[in-house]
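Participant: Provided below for reference: sequence and predicted model.
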Amino acid sequence: MRRMDTEPPPIQQILPPQALPHMANPARLPLLPMPPQTAANQLPARQGPRPLAWHLMTSLSVWLSLPIAWPNAWPNLNSESPGWNPDQRARLERLLTLRNHTDPAAFDAAIRHESCARMRQVIKGIRLYRDHPAKRSLPDAPAIWRAGTTTLRDYNPSAKNAPIILVIPSLINRYTILDLDKDLSFLRTLASQGFRPLLVDWDAPGETETGFTLDDYVLRRLIPTLELAAQWQSHDETCPAPCHVLGYCMGGLLAIALATLRPELVKTITLLATPWDFHQPDPKIGPKFLDIAHQVESMLNALGYLPVDMIQTLFASFQPLQVPIKFANFGKLDPTSGKARHFALLEDWLNDGVPLTAPVARACFRELYGCNLSGQSRWKIGGVTIEPRALDQPAYIVAPGKDRIVPPESTLPLANLLPNATLIEPMTGHIGIIASRSAPSLVWDPYIAWLQEHSAKQTEKVAKIAAG
């Protein structure tokens with residue numbers, strides 16, 4: 001076998017220490033542990049990560065095929081390969097260099113051992129999560145309005161004169177990410193700073209929402225809640241006062257539509273990780289989603305909605321190993337630590353999604369991701385083109401620099417389109433801006449300062465008008 005001229009790096013830089021003993025005995029192949037028998041009445045506390053079968057099969061197909069696939073796959077990697085990463089290619093080249101400087105049989109045995117060890121670690125992490133005692137224990141905020149399964153919740157009911165913030169979460173996941181834990185609640189922090197957050201709790205679509213479109217959610221849910229909030233803000237049904245409006249993720253998209261249709265009732269607009277140009281940074285995503293729309297159409301026709309597990313599978317398919325890797329890392333944590341509790345609460349939220357009505361799913365796949373109607377200024381709600389350029393309210397835009405769900409390139413056009421925009425780009429992820437330990441300092445505090453400034457300006461303006 002050909003040997004390399006240069007000295008290879010130490011094996012400890014390539015393979016973890018636990019792999020090394022097996023290089024002395026290539027014939028010894030570690031086996032994956034069999035799961036313990038569980039009685040039917042002793043099911044784990046959780047059923048995630050969803051869909052569990054998909055994640056397990058993905059892990060098995062990747063880790064257990066690695067010993068066979070990697071020597072043949074690496075020469076063909078290039079910038080057109082799925083999930084291309086130059087750093088990964090460099091690591092593969094180092095592995096090949098190391099293989100050429102060691103006994104091939106022993107090296108391949110070490111690779112097999114490491115593959116099985118990683119699969120074992122994924123299974124361990126999933127088991128620990130499913131049995132973890134952590135549970136979100138915060139009480140629901142009082143409900144002050146309902147229509148169908150949509151509820152408006154008041155996070156500061158005693159502060160009748162406080163500036164109101166109408167908070168609009170995504171339709172896909174529940175609102176609880178905004179109110180995750182007693183020491184990590186964005187909504188309760190806003191309330192503690194003198195604001196009155198009114199949260200739109202979408203819940204899962206019910207009988208009333210069967211067949212709801214994005215137009216219905218804006219016209220029949222958001223506009224009525226905004227009108228009520230404006231009346232409560234002024235304490236006068238005949239003379240409503242504008243409110244702050246905040247949208248997270250897909251909720252930001254709906255917030256832009258709401259502000260376009262009822263601009264006189266919106267004081268400021270805040271957009272957290274909100275997609276707008278759906279073909280950025282990868283224009284190839286459009287045809288992919290049009291193909292997905294075609295594939296799921298028969299399901300939408302049969303069920304009338306897109307199930308949660310299908311939504312989760314679609315998200316996971318863009319980063320197939322993200323879930324297995326994070327559960328493998330979770331398995332290394334002390335289960336009694338704050339980090340483990342935080343992980344369990346976040347995963348509970350991620351796995352507690354809600355289905356999308358068939359018309360909303362079609363709009364997401366075809367109109368937004370597929371044809372990028374919003375990015376092309378062709379997206380309409382209620383027959384009105386939703387055009388951010390027409391909004392002159394102060395706007396606060398958060399484009400997380402590490403967001404893989406809504407890449408910052410998709411959000412950043414809003415900073416140019418909205419004429420009175422303030423932009424921040426914290427180096428965190430999509431969920432990190434709301435529920436990471438760094439969220440308060442990176443996102444919440446700057447936003448609250450900005451909001452207090454604009455609330456004070458509005459108060460001064462109203463006082464001057466009242467004084468004549």
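Facilitator: It's in. Residues are numbered from 1 along each chain as shown.

Participant: just the helices in the stretch 301-450 of the chain please.
Facilitator: 308-318, 322-330, 338-350, 358-362, 408-411, 413-417, 432-435, 439, 445-467 (DSSP state H, counting those that start in this stretch).

Participant: how about those in TSV, adding distance to Met299?
Facilitator: For the C-beta atoms, the positions are set from N, CA and C on the backbone; glycine is no exception. Converted to TSV, these look like this (distance: least, Cβ to Cβ, whole Å):
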stretch	distance to Met299
helix 308-318	7
helix 322-330	22
helix 338-350	22
helix 358-362	9
helix 408-411	26
helix 413-417	32
helix 432-435	30
helix 439	36
helix 445-467	39
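
Participant: tell me which of those helices lies nearest to Arg262.
Facilitator: Comparison of those against Arg262 by Cβ to Cβ identifies helix 445-467 as nearest, at 17.0 Å.

Participant: which one of the helices of the stretch 301-450 of the chain lies nearest to Cys243?
Facilitator: helix 445-467 (10.3 Å).

Participant: rounded mean pLDDT for the closest one, please.
Facilitator: For helix 445-467, mean pLDDT is 74.

Participant: as JSON lines, the helices of the stretch 301-450 of the chain with distance to Thr149 and mean neighbour count would be great.
Facilitator: As requested, the helices of the stretch 301-450 of the chain are exported to JSON lines (distance: least, Cβ to Cβ, whole Å; neighbours: other Cβ atoms under 10 Å):
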{"stretch": "helix 308-318", "distance to Thr149": "15", "mean neighbour count": "17"}
{"stretch": "helix 322-330", "distance to Thr149": "28", "mean neighbour count": "20"}
{"stretch": "helix 338-350", "distance to Thr149": "18", "mean neighbour count": "19"}
{"stretch": "helix 358-362", "distance to Thr149": "14", "mean neighbour count": "22"}
{"stretch": "helix 408-411", "distance to Thr149": "29", "mean neighbour count": "20"}
{"stretch": "helix 413-417", "distance to Thr149": "29", "mean neighbour count": "18"}
{"stretch": "helix 432-435", "distance to Thr149": "23", "mean neighbour count": "23"}
{"stretch": "helix 439", "distance to Thr149": "28", "mean neighbour count": "20"}
{"stretch": "helix 445-467", "distance to Thr149": "29", "mean neighbour count": "13"}
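
Participant: tell me which of the ones you listed lies nearest to Pro388.
Facilitator: helix 413-417 (4.0 Å).

Participant: helices and strands around that closest one, which ones?
Facilitator: strand 395-398, strand 421-424 (3 or more Cβ pairs under 8 Å, 6 or more residues apart in numbering; DSSP states H and E).

Participant: ok, back up a step: who wins for proximity to Val245 among the helices of the stretch 301-450 of the chain?
Facilitator: Using Cβ to Cβ, these put helix 445-467 closest to Val245, at 11.5 Å.

Participant: looking at the helices and strands packed on helix 413-417, which is nearest to Ser137?
Facilitator: Closest among the helices and strands packed on helix 413-417, using Cβ to Cβ: strand 395-398, at 27.9 Å.

Participant: the closest residue in space to Trp379 that isn't next to it in sequence: neighbour count?
Facilitator: Distances taken as Cβ to Cβ, 6 or more residues apart in numbering put Leu373 closest to Trp379, at 4.0 Å, once the chain neighbours are dropped. Residues near Leu373, counting by other Cβ atoms under 10 Å, number 18.

Participant: hang on, the earlier thing: need the helices and strands packed on helix 413-417 in CSV (columns: distance to His101).
Facilitator: Listed next are those as CSV, based on distance: least, Cβ to Cβ, whole Å:
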stretch, distance to His101
strand 395-398, 49
strand 421-424, 49
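
Participant: so which of these is the most packed in?
Facilitator: Of all the helices and strands packed on helix 413-417, strand 395-398 has the most neighbours on average by mean count of other Cβ atoms under 10 Å, namely a mean of 24.

Participant: strand partners (parallel or antiparallel) of it?
Facilitator: strand 266-272 (parallel), strand 421-424 (parallel) (DSSP bridges).

Participant: still on that earlier bit, go through the helices of the stretch 301-450 of the chain and name the closest to Asp183.
Facilitator: helix 338-350 (9.3 Å).

Participant: which stretches of the stretch 101-250 of the chain form helices?
Facilitator: 104-130, 186-192, 214-217, 223-234, 250-261.
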